[in-house]
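A.B. asks: predicted model follows, preceded by the sequence.
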Number of protein chains: 2
Amino acid sequence: MPEPIIFYDIPGNAAKDKAWSPNTWKTRFNLNIKGIPYKTVWVEYPDIAPLSKQIGAGPTATTPDGSGSPHYTLPAIYDPNTRTAVAESLAIARYLDRTYPSSGPTLIPKETDALHMAFVQAFRDAYFPDAGQLFLPASCAQLNPASEAYFRRTREAWYNAKLEDFAPFGSEKRAQHWKGVEKALHTIKEWLEADGTEKMYVMGDSISFADIVVVSHLVWMKLVLGPASEEWTDVMKWDGGHWARFMAEFEKWDIVDVGTEFEG
Amino acid sequence: MPEPIIFYDIPGNAAKDKAWSPNTWKTRFNLNIKGIPYKTVWVEYPDIAPLSKQIGAGPTATTPDGSGSPHYTLPAIYDPNTRTAVAESLAIARYLDRTYPSSGPTLIPKETDALHMAFVQAFRDAYFPDAGQLFLPASCAQLNPASEAYFRRTREAWYNAKLEDFAPFGSEKRAQHWKGVEKALHTIKEWLEADGTEKMYVMGDSISFADIVVVSHLVWMKLVLGPASEEWTDVMKWDGGHWARFMAEFEKWDIVDVGTEFEG
């Protein structure tokens, strides 16, 4: 049995077990589905860059402000068995498939790697322009003070708008963004049916990373909106209840290790 | 041996063998790679809708003008062996995979159908906003008079601009659109390398429909720009000559059956 992998996540207060971020949920689902032992370490936003440098996880992008500065993000993992740090959920998925090939299903079958890259991009193109407007403000609101200030400052600079103006409750803008998110999920549903068979998973019978991308965003929406909210209740009715059934398939892997705090 | 499939394409004068359209090239490559016998019938734009209704091929979309009118497009095929008409290149690929499973490679392996849908969308999102501006005017210029008038009228209405103003030679606008197309192809190249292996084909060793989408657009660019043009010469240098090597892989299937004319 290998030593547990260290999984770095960002704490919030949307749920009692802290987890909320769609990107880190991808890695949590990945680890849970594969049944790989891990321990969670919770990292506030201002500590992500120093932590990444400390463990040797590279930047995953440049900052969206166009300055070209390196941008460090979570999820990241550190695997003590191989002394390897990996950041970014797709790279982590690839690493786990390769390093632990006998632990659970392969989530990115080798011949589908480039197709997965395209899926992630197409999902983002369809979903994020509207989803970001709706769910970033709600994400900010449930962070701890240190992260909240950092998240607000960076996101308001990148989007050049106050979070409160992204999609105010009751506004026409908010209604339009909801239509966009509904359309994006409907597009995914159309992809699942395009060949005339009704599929639960992107690759048919077996779960792949593409499904984890979608379910992690649904979990995000549920947690930051509130599972009892009217908006979330509506989502669960879309596409004839398909997304509720889809999420139910992942319930057994919807488990959070509450872990420990990062001491910077 | 089955009877030849009837393959409907749009004639142009960019090449001596008439073929130029990226969408119909997808089906031609598909048929050539599978080695399925076919005959080409050339259809001018104004005849596409009547032809489609005549053979029983449904509309593939609604018109981009937002009116919700049915939009009939080529490629379409009529298979006399099964008395079936199919329109739209991806649907045709699926039909050929299923109907002639022992004719050449499966181009959309079943478990990758939804991933292929995502690939087609992601490629279009990245490529078409710039490519359309550059290559639709050049496409129009090489059509026969009946198609030329129809193409100009419809495209200028959808884009609300004169074709001559899309991307005039020597303009800053044109330079920007070229940067966009270069970036789009570079993104595909990044997908091909994302897992650390340098792949020629999207699925690695074997050709799939995703590759046919990309090569068909490259063939379009080459034909409407002119194979000797400075712009095309530049494209062949992008990504260290990768796209030239990629096209060379398809040379043996770059064959046009000059066929017959459609008598409406």
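C.D. replies: Sure thing, it's come through.

A.B. asks: for chain A, where's the lowest mean pLDDT among helices and strands?
C.D. replies: Least confident element among the helices and strands of chain A, by mean pLDDT, DSSP states H and E: strand A:61-62 (a mean of 89).

A.B. asks: for the stretch 51-200 of chain A, which segments count as helices?
C.D. replies: Assigned by DSSP state H, counting those that start in this stretch, the helices in the stretch 51-200 of chain A fall at A:89-99, A:113-141, A:145-159, A:172-193.

A.B. asks: coming back round to it: quick one: the least confident helix or strand of chain A near chain B?
C.D. replies: No. If you take Cβ under 8 Å from any Cβ of the partner chain as the test, strand A:61-62 misses chain B, and the best it gets is 12.8 Å. The C-beta positions use only the backbone N, C-alpha and C, and glycine is treated the same way.

A.B. asks: that strand - contacts with which helices or strands?
C.D. replies: strand A:70-71 (3 or more Cβ pairs under 8 Å, 6 or more residues apart in numbering or on different chains; DSSP states H and E).

A.B. asks: neighbouring strands - and their directions - for the strand it packs on?
C.D. replies: Paired with strand A:70-71 in the same sheet, following DSSP bridges, are strand A:61-62 (antiparallel).

A.B. asks: what about the stretch 1-150 of chain A, any weak spots by pLDDT?
C.D. replies: A:1 (pLDDT under 70).

A.B. asks: for A:N30, which non-adjacent residue is spatially closest?
C.D. replies: Nearest residue to A:N30, sequence neighbours excluded (Cβ to Cβ, 6 or more residues apart in numbering or on different chains): A:A93, at 5.4 Å.

A.B. asks: A:S208 is in contact with the one you found, correct?
C.D. replies: No. Judged on Cβ atoms under 8 Å, A:A93 makes no contact with A:S208 at a distance of 9.3 Å.

A.B. asks: what's the overlap in contacts for those two?
C.D. replies: A:L107, A:I108 (Cβ atoms under 8 Å, 6 or more residues apart in numbering or on different chains).

A.B. asks: quick check: A:V258 is in a helix.
C.D. replies: No. Read with DSSP: H, G, I helix; E, B strand; the rest coil, A:V258 is coil and lies in no helix.

A.B. asks: can I assume it is in contact with A:T40?
C.D. replies: Yes. Using Cβ under 8 Å, A:V258 is in contact with A:T40, at 6.9 Å.

A.B. asks: for the strand or helix carrying A:A248, buried residues please.
C.D. replies: Assigned by DSSP states H and E, A:A248 belongs to helix A:238-249. Neighbour-count burial for helix A:238-249 flags A:W238, A:D239, A:H242, A:W243, A:F246, A:M247 (criterion: 16 or more other Cβ atoms under 10 Å in any protein chain shown).

A.B. asks: just stretch A:105-119 next, same as before
C.D. replies: Quick answer for stretch A:105-119 (16+ other Cβ under 10 Å): A:106-109, A:111-119.

A.B. asks: what do you get for stretch A:194-205?
C.D. replies: Of the residues in stretch A:194-205, those buried by neighbour count under the rule 16+ other Cβ under 10 Å are A:A194, A:D195, A:K199, A:Y201, A:V202, A:M203, A:G204.

A.B. asks: nearest residue to the third one in space, ignoring adjacent ones along the chain?
C.D. replies: Setting aside the residues directly before and after it, A:K199 is nearest to A:L192 in space (Cβ to Cβ, 6+ apart), at 4.6 Å.

A.B. asks: what's the neighbour count on that neighbour?
C.D. replies: Other residues within reach of A:L192, judged by other Cβ atoms under 10 Å in any protein chain shown, total 23.

A.B. asks: correct me if wrong: it contacts A:V202.
C.D. replies: Yes. Counting by Cβ under 8 Å, A:L192 does reach A:V202; the two are 6.9 Å apart.

A.B. asks: for the stretch 151-264 of chain A, what are the low-confidence residue spans?
C.D. replies: In the stretch 151-264 of chain A, no residues with pLDDT under 70.

A.B. asks: quick check: the residue of it nearest chain B.
C.D. replies: In the stretch 151-264 of chain A, the residue that lies nearest chain B is A:W191 (3.9 Å; Cβ to the nearest Cβ).

A.B. asks: that residue contacts A:V202, correct?
C.D. replies: Yes. Under the contact definition of Cβ under 8 Å, A:W191 touches A:V202, with a separation of 7.4 Å.

A.B. asks: what's the overlap in contacts for A:L192 and A:V202?
C.D. replies: Listed contacts common to A:L192 and A:V202 are B:A114; contacts here mean Cβ under 8 Å, 6+ apart.

A.B. asks: sorry, back to before: chain B next: which of the buried residues of stretch A:105-119 are close?
C.D. replies: Within the buried residues of stretch A:105-119, those near chain B by Cβ under 8 Å from any Cβ are A:I108, A:E111, A:T112, A:D113, A:A114, A:L115, A:H116, A:M117, A:A118, A:F119.

A.B. asks: okay, and the common contacts of A:W191 and A:V202?
C.D. replies: With Cβ under 8 Å, 6+ apart as the test, A:W191 and A:V202 both reach B:A114.

A.B. asks: backbone phi and psi for A:E263, please?
C.D. replies: A:E263 adopts backbone torsions of phi -100, psi 100, taken as degrees, to the nearest 10.

A.B. asks: quick one: contacts of stretch A:211-231?
C.D. replies: For stretch A:211-231, the external contacting residues (Cβ under 8 Å, 6+ apart) are A:12, A:14-15, A:19-23, A:25-26, A:29-30, A:33, A:89, A:93, A:107, A:119-120, A:123, A:127, A:131, A:135, A:138-139, A:141-142, A:178, A:188, A:201-203, A:232, A:235, A:243, A:246-247, A:250, A:254.
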